[in-house]
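S.K.: Below are the sequence and a predicted model for it; my questions follow.
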Amino acid sequence: MNFEKLLNEGKIEKVEKKEFISNSIDKSIEFARKGFETENYNEIMSVVYNAIFKIGNKLMNYLGFRAIGKEHHKHVFEFLLQTGLDPDLVGYFDNIRKRRNDFIYRDIGGTSREEAEEIINRADEFVHKIRTFVHKIGT
């Protein structure tokens, strides 16, 4: 894991390492699951994205970094790629980041029930991979 390029580009900075505590992520994803009753699939996408963004930040802090700048959400995913985590899942949630941005700031785009289900399933997988990664490097 080499983060020098991101540091030199001013996308991340070093911070004091923090303990990796991620139980709030499960609560967020469970909250999103309950959103199916409302049929507001864009909100489900947004809640799940926020959970993934949050666990990405927690991993960064655990490793002694944080994203900075106007595009700090984007920088979290660039960082996650550098960790060697599953590039397909990182790319998938980076695309969700872009879709969420369109939904939040431009009121465009729509998420189907099937897409919302996929987002939650892939989030479960990604959270598991991040926790496994932290356990692996922490031991």
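M.R.: Everything's here; your move. None of the values given here were measured: they were computed from a predicted structure.
S.K.: can we go C-alpha only for contacts and neighbour counts from here?
M.R.: Noted.
S.K.: who touches the helix or strand containing Lys74?
M.R.: Here Lys74 sits within helix 72-82, counting by DSSP states H and E. With Cα atoms under 8 Å, 6 or more residues apart in numbering as the test, helix 72-82 has contacts from 1-3, 6, 11-12, 53, 56-57, 60, 66-68, 87, 90-91, 94, 97.
S.K.: in the longest helix seen in the chain, what counts as buried?
M.R.: Longest helix in the chain by number of residues (criterion: DSSP state H): helix 113-138. Within helix 113-138, the residues scored as buried using 16 or more other Cα atoms under 10 Å are 116-117, 119-120, 122-124, 126-127, 130.
S.K.: That helix relative to helix 72-82, how many degrees between them?
M.R.: Our comparison of helix 113-138 with helix 72-82, counting by axes from the mean of the first three to the mean of the last three Cα atoms, to 10 degrees, yields an angle of 60 degrees.
S.K.: which one of the buried residues of helix 113-138 is nearest Ala32?
M.R.: Ile120 (7.8 Å; Cα to Cα).
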